[in-house]
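Visitor: Here is a sequence together with a model predicted from it:
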Amino acid sequence: MSYIHICRHGQDLDNAASTLNGHRNQPLSALGEKQAQRTAENILKSGIHLDAIYSSPLRRAQQTAEILRTMIPAPLELENGLIERDFGALTGRPYSDIPKLAGDNVFQGDKVLYFLEVDGCETFPSCLDRARRVLARLDAKHSGQHVLLVCHGDIGKMLIAARRGITWQEALQLPYFENTEVISI
């Protein structure tokens with residue numbers, strides 16, 4: 001088994017505008033770039049030696065990983081399995097549209113109202129299955145090594161669920177996964 005650390009990407013333009021991004025490919029905001037820089041400094045101060053960094057292919061995660069990589073000498077690879085959950089019909093819509101488009105198909109988390117099903121969205125059970133597959137691949141490849149996964153809020157929660165053996169519902173009740181927060185799972 002590997003030692004997995006997950007990091008949510010820095011604030012992007014959609015986060016700053018309270019827009020649901022899903023698979024949208026927005027860049028980091030200026031604040032997001034600063035957050036990534038601070039996170040790199042904090043990882044270095046922690047004394048953890050990272051053997052590899054994997055990033056979602058979406059721009060906001062890649063930019064975060066590239067900023068981390070400027071200070072952390074570990075190889076960086078893209079991992080498609082770390083892409084954010086597809087938000088379907090809610091992609092690009094304001095957060096305030098969740099009740100209107102999802103109706104009662106919602107789940108109240110720590111600080112977030114999660115939508116469960118809207119047209120074209122990936123379900124949380126499907127996202128959890130994807131997280132399990134990613135962890136199995138990385139555990140096989142990086143046994144005993146420290147690996148950082150730069151990802152997104154929803155897939156990050158499902159990575160936690162997969163590693164800890166909890167349900168997706170329990171994962172959504174965990175504290176909010178902040179931009180550039182690092183969680184060792």
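Guide: Looks like it came in fine. Numbering: from 1, shown residues only.
Visitor: Would you quantify the distance from residue 164 to residue 91?
Guide: Between residue 164 and residue 91 the computed distance is 29 Å (C-beta to C-beta, to the nearest Å). Every C-beta, even on glycine, is put in place using the N, C-alpha and C of the backbone.
Visitor: With neighbour numbers in mind, choose between those two.
Guide: Taking neighbours as other C-beta atoms under 10 Å, residue 164 and residue 91 compare with residue 91 leading, 18 against 12.
Visitor: Now do the same for residue 149: helix, strand or coil?
Guide: State at residue 149, reduced to three classes by DSSP: H, G, I helix; E, B strand; the rest coil: strand.
Visitor: So what sits opposite it in the bridge?
Guide: residue 6, residue 54 (DSSP bridges).
Visitor: Provide a list of residues in contact with it.
Guide: Residues near residue 149 by C-beta atoms under 8 Å, 6 or more residues apart in numbering: 4-7, 53-55, 79, 82, 134, 138, 159.
Visitor: Please repeat the previous calculation with a cut-off of 6 Å.
Guide: 6, 54, 82 (C-beta atoms under 6 Å, 6 or more residues apart in numbering).
Visitor: do residue 101 as well
Guide: Counting by C-beta under 6 Å, 6+ apart, residue 101 has contacts 89-90, 118.
Visitor: Only alpha carbons, please: show stretch 86-100 as CSV.
Guide: Extracted in CSV, the C-alpha atoms of stretch 86-100 (Å, rounded to 0.1, in the frame of the first residue of the first chain):
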residue,chain,number,x,y,z
ASP,A,86,-19.3,15.4,-14.2
PHE,A,87,-21.9,18.0,-13.1
GLY,A,88,-24.1,17.4,-16.1
ALA,A,89,-26.8,20.1,-16.5
LEU,A,90,-25.4,22.0,-13.6
THR,A,91,-22.0,22.6,-15.2
GLY,A,92,-21.3,26.3,-15.5
ARG,A,93,-24.4,27.2,-13.5
PRO,A,94,-24.4,29.3,-10.3
TYR,A,95,-24.5,27.3,-7.0
SER,A,96,-27.9,28.9,-6.3
ASP,A,97,-29.3,26.8,-9.2
ILE,A,98,-28.8,23.5,-7.4
PRO,A,99,-32.3,23.5,-5.7
LYS,A,100,-34.0,24.6,-8.9
